[in-house]
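1. Here is a sequence together with a model predicted from it:
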Amino acid sequence: MDKIVHQFPPYRKEDVHHAHDEHDDHGHEHHDPGFWAKYIFSTDHKAIGIQYGFTALCFMLFGFFLMIMMRWQIAHPGTPVPVIGPLLAKVLGNVAAGGVISPELYNSFGAMHGTIMVFLGIVPLAFAAFGNYVVPLMIGAVDMAFPRVNMASYQAYFLGGLVMFVSFFIPGGAAQAGWTSYSPLATTIPTHGQLFWIIGMVLLISSSLLGAVNFIATIIQLRAPGMTWMRLPWFVWAQFVTAFLLLLAFPPLEAAAILQLMDNVAHTSFFLPTGLAVGGQLAGVSGGGSPLLWQHLFWFLGHPEVYVLILPAMGIVCEIIACNTRKPIWGYKSLVYAVLAIGFLSFIVWAHHMYMTGMGTKISAFFQATTMIISIPSVIILTCLFISLWGGSIRFNTPMLFALAFLPMFGIGGLTGLPLGFNVSDVHLHDTYYIIAHFHYVVAPGTIFGLFAGIYYWFPKMTGRKMNEFWGRVHFWCSLIFMNLVFMPMFAQGMAGMLRRMSDGGANYSAAVNARSGAEVIGGLSENIMSLHVWILWAAIALGIAQIPFIVNLFWSIKHGEKVGDNPWNSTTLEWQTPTPPPHGNFLHAPTVYRGPYEYSVPGHATDFTPQNEPPEHSPKIPAHAH
Amino acid sequence: MDIPYTVQPRPDTGIYNAKVGIWLFLASEVMLFGGLFSAYVLLRVGADRWPHGWLDVRFGTLNTIILALSAITTLLAWAACKVGQFGKFKFFHACTLLLALSFLSVKMYEYHDKWIHYEITLADGTFADGHLVEKSADFDLAKKTGTVTLHGRIVNDENLLYDLRSQKNIKLDEVTVPAANILKMENYGPWHNTFLAIYFTLTGLHALHILGGSIVIGYLWGPGSKMYKKKPEQFTNRIEVSGLFWHFVDLVWIFLFPVLYLT
Amino acid sequence: MSESKTTSEPSPTGTESHGHAVDLNNYIRTCSYVFVAVICATALMIWISFLPEHYTWALKVTLILAVACANAFVVAGFLMHLISEKKMIYTLLAFTVFFFAGLMGLTLYALQDFPTGTTH
């Protein structure tokens, strides 16, 4: 069915050369491919985007539940989890005996919460779901460059997610060595959970690689006529850089995963040092390996990964701010150069996650320097977005509320990262709750708010209806308040010395326990710090409840939301210049782009926005005598 | 609904879509094998001792020649498509597939050679090392019964087993060892030491790429070649793109061979 | 960097019916040179590897890797047409090589640079 396009530019339907074959008698859109081809095995980027989005949101909900159970254990160590405790005991057996979360189960939940949220939740939602749905529309393309590869990448993701999910139910349970899966722990744990984790990761990495190739090739090759690089919406630039991060940073982790797989299955010693003892006995391995090698290979991805988590959300926020301030984004060029700089620098900062591994002063000075330097383009981006608000006619709809809140929340997250970038302060803060607070601020009230904003914003394009505004605001305010109540106390806990990944919430280190046992109390966690656990637990539960209006709103609005036209937000970018929902092939007439992406409130123009593909001679102008 | 630039190049970039795609993919593959090569360098630099001469250079050289030839035939297959000589294309890629099969066969033989090569730590502190000839019928390591016969030698110093290059004229004999004297018996698998671990992993991953590439080229040579009749340009592009992948796999071997066999 | 036409590159459209044998022969000739180059490089590396004991392994490794790089350049340049490829591809590969060098180099450096005198 492929037809060869000979004409460039303008790429007009009537110029397309039709190659006649036996299928092409009436045209190409008249046959119904059936349910399976249309919704399950679709190669259309919009269907794939929705598949990614739906799957990712389900995983995020699951990861959230894991966290709630962990927070219960932290706040009330050793007590059975209410309501679902018996279910846990029945399904998971010994590790949840009596409905109490054992340390092994806690570690499983912790490792899988991180893995699921990062690799099965945020990245697929931010990059794959939004990227797949919006990017081809925004650049004026008919689809991604490689639609079948696109479908394959979703299927690999789905399989990887399935493997991760299933790992909870195998004997011994899921992976327990953290989302970072450090060796030798990851190899010496005597269960198969780590193996499932590695297999899941290999599938997920393959999915990301296929997706990254697709995105980059699409953005380079399928931009509509007139869509030059500097006329791209900044969301596309953010996805472009994100794709490069995934493309080049993931493979070393895939290599490391293969090596760890060999360690686990073939008893090699890539990451196992000579003289390793397990349970008091010499491990029967050849030795000669290096645990640090795993850390280097892991964090080589791990750091670009955090930019993968944040950049798409920044892109979404940028689009929403431009549209809802009715003025161009301030500093478009700075934004472009900043995101390119972030992409480049993110490859050479990774060892700031490893300051505590006995690094020498020279190498740590190098990484401290690059880490400080990379904060500059991040600040530039945030500053441009802040300044963009100045003088705008701000419309405080739900997407804009989330986008606005993103700015200070990401600010907190980013600024609290600065003491972590210096090894002198990191000595005290590494592996404490301060770190947890820092990265959750960036990802939770940061990225996730950006993603919520995107869902509310692009929902009308997917469905032709808006989500309910009142419940959107309820969702926003409750989420904002409770997110802060959950994570702000953790800064205090971390600075007081509370370490991460303690399944009893630090009870063994608390001043009360220390005093009872007669041990030295200096450094013990005070009653105040420990009591914050209960606050955090209830804030987390409230945060969970606050998502119910969102979930209900999302599904209810598909059929009953307020009906709107093709461009309800009066936006300039190309995705809003299509029918709703966009048909197979996206545009009725292949677009030509005449101007930049943020032509809002152009003086002399009759409307306060000019779509990118509106031809200049058709632009309604205010007649001269009417000024 | 047609995606532009699947066949004709986009004017400002000068490339068609699939070529952009394959080069991007190859960049990621550079990072994949780069990660493994980095692991190799780190493990070797940090190792107390590193074997020399454990791999037969003759087989490696043979495989190098096979793969280089296959890279040539791959390019010529594409060139034949470009000038419209379908018969020559079929011939050249048939050669590519046969050469790929030969490569994998040589590799399997090499793997097998390592599989039956044992190092036995004896109770008196010496080491028996060689290829397995036979195990006696009652051989049982746990029960300490029976004997095992190797075609190899017994050495006092384990270091002699590591640096084979510096030893001239190593004499190999039939060596029979009773199970009662055996402290540890391990074949030259990836578990034996980090050199073998990285050797098997690197060459194994490379072999998987050869296999994958062969499957793709095999498909394009067989059922996929039907496209040549209706859309010769698009088919030629597919041959070019799969050829680029094949050349990359050859490139990896160009580094694998000296790094593992010669250094 | 614009595409430079070498004598071995026929024009893009593959529907010509004349000059086949000549065009294919050009390719065969280029390929023969490449093959000879690869064989020579391989032989050279083997020779270096088997140099007598008094040549250190460090020297041998350096020389062998240098020859391997040259070998790779020939294969990439001529068989993968990298020598006449577009600037975009070059740029992508340049960044990739830079990041790979960073991965290997910084990791190696990190493992060599550690505080001393910390154990008694």
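-> Done, it's in.

2. Which secondary structure element of chain A has the lowest mean pLDDT?
-> helix A:511-517 (a mean of 77; mean pLDDT, DSSP states H and E).

3. and stretch B:118-127, average pLDDT?
-> The pLDDT scores in stretch B:118-127 average 93.

4. so where's the chain shaky on pLDDT?
-> I went with chain A, as the question did not name one. A:1-31, A:518-522, A:618-627 (pLDDT under 70).

5. think we crossed wires, I meant chain C
-> For chain C, residues meeting the criterion pLDDT under 70 lie at C:1-22, C:120.

6. What residues does the stretch 101-250 of chain B have near chain C?
-> When proximity is defined as Cβ under 8 Å from any Cβ of the partner chain, the stretch 101-250 of chain B approaches chain C at B:165, B:166, B:232, B:233, B:236, B:244, B:247, B:248, B:250. Quick note: C-beta positions are derived from backbone N, CA and C, even for glycine.

7. Just the buried ones from these, in PyMOL syntax?
-> Only the buried entries of these go into this PyMOL selection, using 16 or more other Cβ atoms under 10 Å in any protein chain shown:
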select buried, chain B and resi 232+233+236+244+247+248+250
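
8. Where does chain C get nearest to chain A, residue-wise?
-> For chain C, the residue closest to chain A is residue C:113, as judged by Cβ to the nearest Cβ, at 3.3 Å.

9. What count of nearby residues applies to that residue?
-> Using other Cβ atoms under 10 Å in any protein chain shown, residue C:113 has 16 other residues around it.

10. quick one, helices of chain C?
-> C:20-49, C:57-74, C:87-112 (DSSP state H).

11. for the second one, the distance to its chain's centre please.
-> Relative to the mean C-alpha coordinate of its chain, helix C:57-74 is positioned 10 Å out (Cα atoms, centre = their mean, to the nearest Å).

12. From the contact counts, what lies against that helix?
-> Contacts defined by 3 or more Cβ pairs under 8 Å, 6 or more residues apart in numbering or on different chains; DSSP states H and E place helix C:57-74 against helix B:232-256, helix C:20-49.

13. quick revisit: quick one: name whatever helix or strand follows the least confident helix or strand of chain A.
-> The C-terminal neighbour of helix A:511-517 among helices and strands, as given by DSSP states H and E, is helix A:527-560.

14. the domain parsing of chain B - what is it?
-> Domain segmentation of chain B under automatic domain parsing yields B:32-114+B:193-262, B:117-187.

15. and the end-to-end length of the first one?
-> Across domain B:32-114+B:193-262, the terminal residues are separated by 22 Å (Cα to Cα, to the nearest Å).

16. and that domain, is it in reach of chain A?
-> Yes: using Cβ under 8 Å from any Cβ, domain B:32-114+B:193-262 reaches chain A at B:32-36, B:38-39, B:42-43, B:46-48, B:193-194, B:197-198, B:200-201, B:205, B:230-231, B:233-234.

17. Would you mind listing what in chain A touches chain C?
-> Counting by Cβ under 8 Å from any Cβ, chain A comes close to chain C at A:220, A:248-249, A:252, A:290, A:292-293, A:296-297, A:300, A:344, A:347-348, A:351, A:354, A:358-363, A:366.

18. Now the buried members of those.
-> A:220, A:248-249, A:252, A:290, A:292-293, A:296-297, A:300, A:344, A:347-348, A:351, A:354, A:359, A:363, A:366.

19. which residues does the residue nearest to residue B:236 when sequence neighbours are not counted contact?
-> Closest residue to residue B:236 apart from its sequence neighbours, by Cβ to Cβ, 6 or more residues apart in numbering or on different chains: residue B:81 at 4.2 Å. Contacts for residue B:81 (Cβ atoms under 8 Å, 6 or more residues apart in numbering or on different chains) come out as B:89, B:228, B:232, B:235, B:236, B:239, C:14.

20. same question, residue A:69
-> Per Cβ under 8 Å, 6+ apart, neighbours of residue A:69: A:81, A:84, A:88, A:101, A:109.

21. Where does it sit: helix, strand or coil?
-> Three-state assignment for residue A:69 (DSSP: H, G, I helix; E, B strand; the rest coil): helix.

22. mind checking the backbone torsions on the most centrally placed residue in chain A?
-> In chain A, the residue lying closest to the centroid (Cα atoms, centre = their mean) is residue A:122, at 2.8 Å. Here is the backbone geometry of residue A:122 (degrees, to the nearest 10): phi -70, psi -50.
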